[in-house]
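Asker: Sequence and predicted model, in that order:
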Amino acid sequence: MPAIMVRFLHTADWQVGKPFGGFSPDARGELRAERFAAVARIAALAKAERCEAVLVAGDAFDDNTISDREIRRTLEAMAGFDGPWVMLPGNHDAALSVSVWTRIAQMGGPAQVIAAVLPEPIELAGGRLVVLPAPLTRRHEGADLTQWFDRAETRSDQLRIGLAHGAVANRLPAKAESGNPIADDRAQRARLDYLALGDWHGFLEIAPRTFYAGTPEPDRHRANAPGHVALVEIDGPGAEPRVDQRRTARFDWRALELRLDGGIEALSTTLGALARPGETLVDIKLSGALSLRERVALDEALEDWRARLFDLRVRDDDLFDAPEDSDLDGIDVAGFVREAVNRLRARAADPADPERAAAALALRMAYAEHRRLQGGEG
């Protein structure tokens, strides 16, 4: 077997400085801090694997206006790998006249940090590897900035690696193709040995020799394999790249859908199977129909899981109360109160009633209060 010509890491979409609005101050601070920890893990991996470079395919930073402290903390996290870091401006950190890249230069950033702010070849690994970058100079481009790769001249003994940030045409969902297009056959047209991409936050081989590394630390509930980097080995020009998906994430973001009909056992089974609940963020969509007894039990179970999980978001618009006779008989009331309960039951069961949700909630509260007064029985 021939010796490995080049080994490098491909990563993207660090989003350092992401605000994580909508979370509590404590959770927000921990999620923001984990961006730096993820960069440190990437540096440690690059060092352990004896990589010759780390290629960052855009959006290392969430915004060009992030603080100097966040920039310096990022550079400190990168210090664990003393080889070259090629940093491509993406749509969040575009190479504007005043940008995070000009600020790093003014700070006297480390020599191994190479800001690829110009579309020109960058030689690495003693000249064995040439990176062809397509930096963004504004948030959205209508043209394919990777076109120049086709005309770029390199020696026959050099690996040609493209580095770009955008949406590969005709391969990603339409909502991901709003700007910054990249031809799906760019690697073939430009005779690339590997095309390292950013923008899509999941790990994905999108076309031949063309990969998205995804974000190394997830930031949303999307099941598209986030939380990785790509360890790439190429034996020589024209050789098939070997791409190893390496996990770097700490937090696990899960989007779940669960149907509950008649009982809540499935909830305990599903959430109980999570390996690290304290480091898991769950967005769960519930559907089905439950008796009042089970609905109250569900509310109690969800409250317990909120304390155990790092974060829990519940969507229950498609979960309906289906009171049983035993539920209402257990509410030991008579006269006009009983009549009111019956009216609430009728409204809660009517899909056309605009106050259906409010009626169901009122029934549930009445049942829960009855259970409280009865010492939890009912």
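Answerer: Cool, got the structure.

Asker: How far off centre is the helix or strand hosting residue 299?
Answerer: Here residue 299, judged by DSSP states H and E, is contained in helix 292-308. The gap between where helix 292-308 is centred and where its chain is centred comes out at 28 Å by C-alpha atoms, centre = their mean, to the nearest Å.

Asker: Can I get the helix or strand immediately after it in the chain as PDB, trimmed to CA atoms?
Answerer: With elements assigned by DSSP H and E, the helix or strand that comes after helix 292-308 is strand 311-321. Taking Å, rounded to 0.1, in the frame of the first residue of the first chain, the C-alpha atoms of strand 311-321 are listed here in PDB:
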ATOM      1  CA  ASP A 311     -33.600  21.400  27.400                       C
ATOM      2  CA  LEU A 312     -37.100  20.100  26.600                       C
ATOM      3  CA  ARG A 313     -39.500  21.700  24.100                       C
ATOM      4  CA  VAL A 314     -43.000  20.100  23.800                       C
ATOM      5  CA  ARG A 315     -45.400  20.600  20.900                       C
ATOM      6  CA  ASP A 316     -48.800  19.100  21.700                       C
ATOM      7  CA  ASP A 317     -51.300  20.700  19.300                       C
ATOM      8  CA  ASP A 318     -52.200  17.300  18.000                       C
ATOM      9  CA  LEU A 319     -52.600  15.700  21.400                       C
ATOM     10  CA  PHE A 320     -56.300  15.700  22.500                       C
ATOM     11  CA  ASP A 321     -58.000  15.000  25.800                       C
END
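
Asker: Contacts for strand 311-321, please.
Answerer: With C-beta atoms under 8 Å, 6 or more residues apart in numbering as the test, strand 311-321 has contacts from 23, 27, 221, 260, 281-292, 295, 302, 305-306, 348, 360, 363-364. Quick note: C-beta positions are derived from backbone N, CA and C, even for glycine.

Asker: Buried ones among those residues?
Answerer: Buried subset of those (neighbour count, 16 or more other C-beta atoms under 10 Å): 23, 221, 260, 281-286, 288-292, 295, 302, 305, 348, 360, 363-364.

Asker: sorry, back to before: so for the helix holding residue 299, what gets flagged as buried?
Answerer: Per 16+ other C-beta under 10 Å, helix 292-308 contains these buried residues: 292-298, 302, 305.

Asker: what do you get for stretch 69-89?
Answerer: Residues 70-71, 73-75, 77-78, 80-81, 83-89 are the ones in stretch 69-89 that count as buried (16+ other C-beta under 10 Å).

Asker: so which of the residues you listed comes closest to residue 241?
Answerer: residue 86 (16.8 Å; C-beta to C-beta).

Asker: after whatever helix or strand that closest one lives in comes which helix or strand?
Answerer: Following DSSP H and E, one finds residue 86 within strand 85-87. Sequence order places helix 100-107 as the next helix or strand after strand 85-87, per DSSP H and E.

Asker: Mind giving me the packing neighbours of that next one?
Answerer: Packed against helix 100-107 by the contact rule (3 or more C-beta pairs under 8 Å, 6 or more residues apart in numbering; DSSP states H and E) you find helix 68-78, strand 113-115.

Asker: Pull the CA coordinates from that helix and hand them back as PDB.
Answerer: C-alpha atoms of helix 100-107 as PDB (Å, rounded to 0.1, in the frame of the first residue of the first chain):
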ATOM      1  CA  VAL A 100     -13.500  39.400  11.700                       C
ATOM      2  CA  TRP A 101     -10.600  38.600   9.400                       C
ATOM      3  CA  THR A 102      -9.300  42.200   9.300                       C
ATOM      4  CA  ARG A 103      -9.600  42.300  13.100                       C
ATOM      5  CA  ILE A 104      -7.600  39.100  13.500                       C
ATOM      6  CA  ALA A 105      -4.900  40.600  11.300                       C
ATOM      7  CA  GLN A 106      -4.900  43.800  13.400                       C
ATOM      8  CA  MET A 107      -4.600  41.600  16.500                       C
END
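
Asker: and it, how far out from the chain's middle?
Answerer: 27 Å.

Asker: what residues does it touch?
Answerer: Contacts of helix 100-107 with the rest of the structure, by C-beta under 8 Å, 6+ apart, involve 61, 64, 66, 68, 71-72, 75, 87, 89, 93, 95, 113, 115, 117.

Asker: By pLDDT, rank the buried residues of helix 292-308 and give me the bottom one.
Answerer: For the buried residues of helix 292-308, the weakest pLDDT value sits at residue 292, with 79.

Asker: gap between that residue and residue 82?
Answerer: 64 Å (C-beta to C-beta, to the nearest Å).

Asker: one step back: out of the buried residues of helix 292-308, which is nearest to residue 7?
Answerer: residue 305 (42.6 Å).
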